[in-house]
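Engineer: here is my input; please provide its structure:
(one chain, ligands or ions: 3)
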Amino acid sequence: MSAKGNGLLVLNAGSSSIKFGVYAIEDDHTREVANGLIENIGSHDAHAVAKDADGYVLAAYRPTVPDGPYTHQHALADLLRWLGERPDFPAITAVGHRVVHGGTRYAAPVRVDAEVRTALGALVPLAPLHQPHNLAGIDAITELDAALPQVACFDTAFHCTQPALARLFAIPKAYRDEGVQRYGFHGLSYEFVAGHLSQVIGAERAGGKVVIAHLGNGASMCAIEAGRSVASTMGFTAVEGLPMGTRTGALDPGVLLYLIERHGLGPKQLTDFLYKQSGLLGLSGLSNDMRTLLASDDPDARQAVDYFCYRIARELGSLAAALGGLDALVFTGGIGEHAAAVREQVCRRAAWLGVDLDAEANAAGRALISTADSRVVVAVVPTDEEGVIAAHTRRLVSG
Ligand SMILES: Nc1ncnc2c1ncn2[C@@H]1O[C@H](COP(=O)(O)OP(=O)(O)O)[C@@H](O)[C@H]1O
Ligand SMILES: CC(=O)OP(=O)(O)O
Ligand SMILES: [Mg+2]
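Structural biologist: Ligands and ions are numbered 1, 2, ... in the order given. The predicted structure is shown next:
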């Protein structure tokens, strides 16, 4: 059997996982054929699963390598081999990548060439947990087939519409001129959710003052007006703003000075402290996984969940101030889509803003979860970063 038409591969390579999607190219759109996830990369306990668009499992396995942990490089080589062996899949004619940081230069998706690759490499220090893995994906594809078109889609691009004030840090000009400013991330997710919101809450409200909370392993919130980003909780790096699975979120910079001076921490240790040892994991001493924390009756686990919700509610007030009002609050990301208890606590804390949660609709996991009388409409919209990347990639490779 020969491959079925032309298709795209989408890679969303994270710090310990790779999400992928396979899409058929059809006339003016892309159709999802399969998706999958390789988890626990970098350990001896990696596992991979691939499903078709209806959720039917096509493959599930626990890969191992004889001489060490299963790396991103191993995972991509295995994935490409597996895709090549599926006669029912379209032939991969281009690859789209999620690239977390596009710096000041890339305000839109771009075809990757040697110059672009070099420029993206220079941004690694700004997103140490993400950018190296995103670029490893690009490099692995280049090594396999240098002629295969590749497209980079940026988490930062959606936020380029923010007004100058929202992007500033109060620091000397010399540093601002070299790009030390707020960028914001999760832009592919916000682009998807903002683009689908009118189907859930109607065009008028979707075009108003909206805050979207993307609550996954990484977590941020974005204020959107008339569909465009006006402010975000994430900043220069993806460590700013909300506390996350293992990241601190907003932290008095004086804490870092204290750790340097009092404990002699160097750059590598500070990076681990900020990105890997803190957040829900650091607070609970138990786990970075919201499911585990919600199921636990340990007081530290409960406090970690409470702090997460408290900070979301505080940031909501701040973003509503940036917008000068609030018409809609939208939850997305693994926690936002599935953790009814988190949504419930956030909404309770946001009652003063005019948020009135429909507890039953929330517990049932409906798309619209505010009461009919609520001044602020509250919705849950599952995100699809891979779908956004597929659409951009098709557009760019078809000229
Ligand atoms: N049913 C659920 N209830 C509560 N939390 C959940 C549920 N499913 C997933 N999550 C949480 O979602 C988070 C992962 O979100 P996700 O968006 O998938 O992460 P990533 O940022 O890696 O893409 C984890 O904290 C996980 O515990
Ligand atoms: C930018 C970011 O935090 O991404 P993720 O949620 O994938 O960690
Ligand atoms: Mg994510």
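Engineer: so which residue is dead centre in the protein?
Structural biologist: residue 186 (4.3 Å; C-alpha atoms, centre = their mean).
Engineer: excluding sequence neighbours, find me the nearest residue to it.
Structural biologist: Closest residue in space to residue 186, ignoring its immediate chain neighbours: residue 214 at 4.5 Å, by C-beta to C-beta, 6 or more residues apart in numbering. Glycine gets a C-beta too; all of them are placed from N, C-alpha and C.
Engineer: and the one you found, how many neighbours?
Structural biologist: For residue 214, the count of nearby residues is 29 (other C-beta atoms under 10 Å).
Engineer: partner residues bridging it?
Structural biologist: Beta-bridge partners for residue 214, by DSSP bridges, are residue 220, residue 332.
Engineer: quickly note the distance from the spatially closest residue to residue 171 that is not a sequence neighbour to residue 164.
Structural biologist: The spatially closest residue to residue 171, leaving aside those adjacent along the chain, is residue 180, at 6.4 Å (C-beta to C-beta, 6+ apart). From residue 180 over to residue 164 the distance is 14 Å, taken as C-beta to C-beta, to the nearest Å.
Engineer: who has more neighbours, those two?
Structural biologist: Counted by other C-beta under 10 Å, residue 180 and residue 164 do not tie: residue 180 has more neighbours, with 14 against 7.
Engineer: show me what contacts the residue nearest to the centre of the chain?
Structural biologist: By C-beta atoms under 8 Å, 6 or more residues apart in numbering, the residues touching residue 186 are 155, 214, 218, 220, 222, 234, 333.
Engineer: also residue 168?
Structural biologist: Shown in contact with residue 168 (C-beta under 8 Å, 6+ apart): 176, 181-182.
Engineer: can you tell me the element residue 152 falls in?
Structural biologist: Assessed by DSSP states H and E, residue 152 sits inside strand 150-154.
Engineer: that strand packs against which elements?
Structural biologist: Contacting strand 150-154 under the criterion 3 or more C-beta pairs under 8 Å, 6 or more residues apart in numbering; DSSP states H and E are the following elements: strand 91-99, strand 110-111, helix 131-144, helix 187-201, helix 385-397.
Engineer: and the contacts of the last one?
Structural biologist: Spelled out, that is helix 385-397. 8, 10, 12, 19-21, 23, 25, 29-30, 32, 35, 93-98, 109-111, 149, 151, 153, 188-189, 191-192.
Engineer: cool, the longest one as well?
Structural biologist: Judged by C-beta under 8 Å, 6+ apart, the contacts made with helix 187-201 from elsewhere in the structure are 98, 153-159, 206-207, 210, 212, 214, 222, 224, 227, 229, 328, 330, 332-333, 367-368, 377, 379, 381, 383-385, 387-389.
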